[in-house]
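Novice: mind looking at a prediction? Sequence and model below.
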There are 2 protein chains.
Amino acid sequence: MKSYWMWYPGDYEIYHTMLIHMRRDEREQTVPAFWKMSSPEVNVTFSTVAGGGKMTAYSNGEGYVQIDNKRLPLNKELTIPEGEHKISVSAAKPGGLPAVYVESDVCPSGDLWKCNAHNGDALKVGFSKHHDSLDKTPEIFPFEYKTLTPVSKEEVNGGYLYDYGCETFCRINVKGICENTLICYGESREEALDGDNCIIFEYVKGDKTLKARAFRYIYVNRDIELEAEFEYLPLVQRGDFKCNNPLINQIYNTSVYTFYLNCRECFLDGIKRDRWVWSGDAYQSGKINAYLYADRDIVKRTALGLFGKSPVVQHINTIIDYSFFWIIGLFEYYITYGDIEFLKDIFPRAVELISFCESRKNSDGFIEGIKNDWTFIDWSDFDMTGAMSAEQILFVAAYRAMANIAEAIGENGDEYLEKAKALNEKIDEFYWNEELGGYIDSYSSGKNHITRHANIFAILYGIASPERTRIITEKVLKNDNITKITTPYFKGYELDVLAMLGEFDAVEKEIVSYWGEMIKLGATSIWEEFDPEKRGVEHYGMYSDKFGKSLCHAWGAGSVYIFGKYYMGVSPTAPGYETFKVEPIIRLGGFEGRVPVRDGEVKIRVTDEYISVTSTASGGIFVYKGQEYPLNINEEIRRKL
Amino acid sequence: MKSYWMWYPGDYEIYHTMLIHMRRDEREQTVPAFWKMSSPEVNVTFSTVAGGGKMTAYSNGEGYVQIDNKRLPLNKELTIPEGEHKISVSAAKPGGLPAVYVESDVCPSGDLWKCNAHNGDALKVGFSKHHDSLDKTPEIFPFEYKTLTPVSKEEVNGGYLYDYGCETFCRINVKGICENTLICYGESREEALDGDNCIIFEYVKGDKTLKARAFRYIYVNRDIELEAEFEYLPLVQRGDFKCNNPLINQIYNTSVYTFYLNCRECFLDGIKRDRWVWSGDAYQSGKINAYLYADRDIVKRTALGLFGKSPVVQHINTIIDYSFFWIIGLFEYYITYGDIEFLKDIFPRAVELISFCESRKNSDGFIEGIKNDWTFIDWSDFDMTGAMSAEQILFVAAYRAMANIAEAIGENGDEYLEKAKALNEKIDEFYWNEELGGYIDSYSSGKNHITRHANIFAILYGIASPERTRIITEKVLKNDNITKITTPYFKGYELDVLAMLGEFDAVEKEIVSYWGEMIKLGATSIWEEFDPEKRGVEHYGMYSDKFGKSLCHAWGAGSVYIFGKYYMGVSPTAPGYETFKVEPIIRLGGFEGRVPVRDGEVKIRVTDEYISVTSTASGGIFVYKGQEYPLNINEEIRRKL
């Protein structure tokens, strides 16, 4: 019978997230994340009931087997007498992920077992198909590797510069180096050649496999034997998009590649720096993933890793908005994948987090950052005085998500709906400014300052009425006097809203001018931030560091979602795409592509003559010119324009 | 300036307690404790403010220094500009104790620093005089070592049996062993020679330093080079007692030695097995320690290690009574040492624990074990149905301790006093049996079963009125039909009560017959349990294991406390022995001894002609025949009998 490594549920995710958050390095120094790091339970007992067979238990930690009341050793074949016997394996491993693997004809490790960390009732164990043999320890994340060949090796300043042709993420193997040798990693050529300012460098000697790192270029100060192995998650691309505009195709493909590099143990923000898991970034990654890999495992790993262990002692990543995105994202996960089991498991954590947010309300009933809380939203010129409207709007959206989740798992969510309603009314009262035609950032300063951000959220999460949505669109979104958004992160929300409002001219203008400009500058992956005013190496600076900017940032991949959801027009109409609609728009002179739907996919093709839709999954409706056409499995529907 | 390693407060104790709870081994198998193990914070930031100097920061984990907003490396001398600058050092170390050491002329690590594990406000750092140089890492507990010489080496069955003359705790160094060699540890000769049944054995080869272990005898199956190094805590014995009865002196000294071996990172239960920290055992150890070492550090380490990290998810050691002893012991610690600072730090934990206990009340308002809770009290023939009186009595005592602690630190403890009063009344109503003259074990079975235990607690903690105390004394304590107590653990409480009631004939009879018998059987340390009916090797068995019994168990050392408190009659009359009384009794044909008082000591000498008392500490009163004599420092007071 098949055996799997098993562990305390959620601890695999917490363990690997902890390692991620300790892996950032900068100039030979480790920079651990500046938030609370959770670690797995130290001491876990796994248990089952079986009889009349054999078992051999293994652990990566220390422990013992117990059959009924008798303590027995690990690593040894044991006989379980006939009948029903209580079997347990205890394992402890500080700093690691205590895990157990049992070979047996009657009780192989896996879903027959429960576990307890001596903190309550026994729970279903955690296990994964990736750790299904004794040698596949769950403490090593199952990445795959392939050797890359550089496109060029060039002698510079007595050393050698390798160019791998595009952004990548590799571990470097070096062999037989006699003298201490400097290796500089560069996402840009300039960074690799600038030993004084490059963010990641190291000195090596002997035979070594180095930590996997992000780069396009490597500079080595002498000629050595060197091999780069690409480290990746073998995700299957299930969505794509292609049109007649090569620049847009390049933007789409570069976005896909950027996202691919950032999908690892969890959704990362960027692969060079800080390579951490950030809830807001991950929230957008969840949307992109739904239209590209539809890989639910990475979403779950990210949610569990970000939450860590109860109790909640600070906002997720210390950021108020990021706590809300964690909750909102849970419901979006459910809508995409229909995974009610996960929702049930994680619901108590969501309750804990929203209660924590409630504990941060000020005397007006609005959430406000206290000491050590970070009100992020975006980098912009906000009026940051007191409680911010953007946070309240997300709070309403999070309450609604809680109500929906509660309802989905058969609990009563009315309390959350009432709280959402009350807070929404208060927002209108305190933040809506009729004259300016939008929600102001903050009421306590009296400055009546408006930015795009809260207004985008208000439309995106249905907080603004249709009438106000119209007003905001004119007076804020299309108003060039309101500060422009500069990060691809918030551009993602902006594009979402523009597409939602049918403002596709604006969407395309934005994509071509912002993303297109990066591509024209030679970007092989999307950058953390882009300012068209900058020149040359200036583009690589950020955080007062010459090469501080990440040149491969997941939040830049939003167009994948925009083309999937709004152009190809595929979205679920019931949780888990049980039913869904396909309502493509006719733009860009036609396009074709695919969107993953449950285990299947929908193919869309728009030419200058017709629209064609084929689905390999049931439950779909093709919508065109107000008409609805049921999609039968594998049956193409084609309509003339 | 002097530097100390620093860590997140409480984590040093949690770390070393975690290691203890993973260190039990049995027949080459590790047996981790069966309760939740807490581990230190993974990620800690230490901070201070300084200027105009140099600093070099070191960590046992990974991290970086930050001066104002600039990230800088560890292990490198850095210059802090003139003025006030924010300085921080971040360190992360999963599975370890993240710690930082800073050499500096302006901000050496230690009490100038605060720290934060990203879970709230910054706290005072933890540090210790034992870890005051870079090489003295706090992950290695500062034990001392000395080489022991065996009293004999004897050839037996082709191997060699070493006898070290008495119980000891050593690490064995072996050198140049070519073949796999068996080493068996025995607290008894029989155990060391019984390879099939001895609890701890191992096979060794090469050069090795083995784990420190308890034994008197070692058997090795071939002639090898072997050295035993005694591992110990260099505690200073500040109390002693000597009378004209050699057996009583031997009991006292064996108790002292037993206790000495068990005082380590924390108070251990026994040094062979399980070598864990148990709150009930530790509570008694606290009383003994007060009359022997008066070492407050070990009490604090034990309290912090036992509590672990918030939130409380189970009883301390899973045992209901042990949660109460943790709380009661805190107040006794305060009474002994007057350490208000520690009380303030730990009070929130006590509040959490008593709230947890309250969450376990049944519909009658009594605490009762639910699934996974262990109602221990002692090994005896209790009526274990439903809520036990012994637990309720301890609950009252814990409430009173909470009220006293609250008052001591300037909080209002009335709520706890009221709860104590209400519960006390309920106990009288449900458990007092006038006819039987005692508190019954349990009311729900209707069996009206009486044991000594609850009745001893009722007197000890002042739950029984003076009248009922008299009744219990006659009808329970002096009633031979009530099952006898068999563990030195509960004998400790029994002696305490008997001495409290002035029943010294009974006290001495008990000590001589119970402890004395063990000594006569050759015990060099006090055993976990003793049954005079057993013969020979039978004495070493327990838990259905031929050598399962611990032959060096701390809870056997209670006589140290009895002689100190009741014979020499020294006890505090204000917290921390600010004032104290010395009221010796005249028994045993005289005796002499010392009791530690604050930083000094009281010397007592009773001969057949006079009593003499000398104190090196102020605040004492000598009480004799109803007269009170103030004790001046170093001034002997002598009174004729």
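Specialist: Received the coordinates, thanks. None of these values were measured; they are calculated from a predicted model. Numbers count the residues shown, from 1 in each chain, chains lettered A, B, ... in the order given.
Novice: near chain B, which residues of the stretch 301-450 of chain A?
Specialist: A:310-311, A:313-314, A:318, A:371-372 (CB under 8 Å from any CB of the partner chain). For glycine as for every other residue, the C-beta is placed from the backbone atoms N, C-alpha and C.
Novice: measure the spatially closest residue to A:Arg360 that is not a sequence neighbour to A:Ile463 for me?
Specialist: Nearest residue to A:Arg360, sequence neighbours excluded (CB to CB, 6 or more residues apart in numbering or on different chains): A:Ile367, at 5.2 Å. With distances taken as CB to CB, to the nearest Å, A:Ile367 is found 15 Å from A:Ile463.
Novice: what about A:Gln237, neighbour count?
Specialist: 12 (other CB atoms under 10 Å in any protein chain shown).
Novice: which helix or strand contains it?
Specialist: If you go by DSSP states H and E, A:Gln237 is not part of any helix or strand.
Novice: quick one, grab the pLDDT at it.
Specialist: On the pLDDT scale, A:Gln237 is placed at 98.
Novice: now do the one 10 residues further on
Specialist: The predicted local distance difference test score for A:Leu247 is 97.
Novice: now it: closest residue in space, sequence neighbours ignored.
Specialist: A:Leu247 sits nearest to A:Gly516 (CB to CB, 6+ apart), 5.2 Å away.
Novice: run through the neighbouring helices and strands of the helix or strand encompassing that neighbour.
Specialist: Assigned by DSSP H and E, A:Gly516 belongs to helix A:516-520. Judged by 3 or more CB pairs under 8 Å, 6 or more residues apart in numbering or on different chains; DSSP states H and E, the packing partners of helix A:516-520 are helix A:246-262.
Novice: tell me what the next helix or strand after the helix it packs on is packed against?
Specialist: Later in the chain than helix A:246-262, the nearest helix or strand by DSSP H and E is helix A:279-290. Judged by 3+ CB pairs under 8 Å, 6+ apart, helix A:279-290 is in contact with helix A:246-262, helix A:296-307, helix A:320-337, helix A:488-500, helix A:559-562.
Novice: picking up where we left off before, now, the residues of the stretch 301-450 of chain A next to chain B that are in strands?
Specialist: Among those, DSSP state E puts none in strands.
Novice: take those residues and write them to JSON lines, including distance to B:Glu391.
Specialist: Formatted as JSON lines, these follow (distance: CB to CB, whole Å):
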{"residue": "A:Ser310", "distance to B:Glu391": "28"}
{"residue": "A:Pro311", "distance to B:Glu391": "28"}
{"residue": "A:Val313", "distance to B:Glu391": "32"}
{"residue": "A:Gln314", "distance to B:Glu391": "37"}
{"residue": "A:Thr318", "distance to B:Glu391": "43"}
{"residue": "A:Lys371", "distance to B:Glu391": "42"}
{"residue": "A:Asn372", "distance to B:Glu391": "41"}
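Novice: in a markdown table, list those along with pLDDT and neighbour count.
Specialist: Formatted as a markdown table, these follow (pLDDT from 0 to 100; neighbours: other CB atoms under 10 Å in any protein chain shown):
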| residue | pLDDT | neighbour count |
| --- | --- | --- |
| A:Ser310 | 94 | 14 |
| A:Pro311 | 94 | 10 |
| A:Val313 | 94 | 16 |
| A:Gln314 | 96 | 17 |
| A:Thr318 | 97 | 18 |
| A:Lys371 | 89 | 6 |
| A:Asn372 | 90 | 17 |
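Novice: among these, which pair sits farthest apart?
Specialist: A:Ser310 and A:Lys371 (21.9 Å; CB to CB).
Novice: so which residues on the stretch 151-300 of chain A come close to chain B?
Specialist: Checking the stretch 151-300 of chain A against chain B by CB under 8 Å from any CB, there are no hits.
Novice: which residue does the stretch 151-300 of chain A bring closest to chain B?
Specialist: Closest approach between the stretch 151-300 of chain A and chain B, counting by CB to the nearest CB: A:Ile199, at 11.0 Å.
Novice: residue of the stretch 451-600 of chain A nearest chain B, please.
Specialist: For the stretch 451-600 of chain A, the residue closest to chain B is A:Ser544, as judged by CB to the nearest CB, at 8.4 Å.
Novice: give me the neighbour count for that residue.
Specialist: 8.
Novice: and if you look at A:Gly95?
Specialist: Neighbour tally, A:Gly95, other CB under 10 Å: 17.
Novice: pLDDT score for the residue nearest to A:Arg360?
Specialist: pLDDT, read off for A:Ile367, is 97.
Novice: got the phi and psi for it?
Specialist: phi -70, psi 140 (degrees, to the nearest 10).
Novice: can you tell me which residues contact it?
Specialist: By CB atoms under 8 Å, 6 or more residues apart in numbering or on different chains, A:Ile367 lies in contact with A:320, A:357, A:360-361, A:387, A:391-392, A:395.
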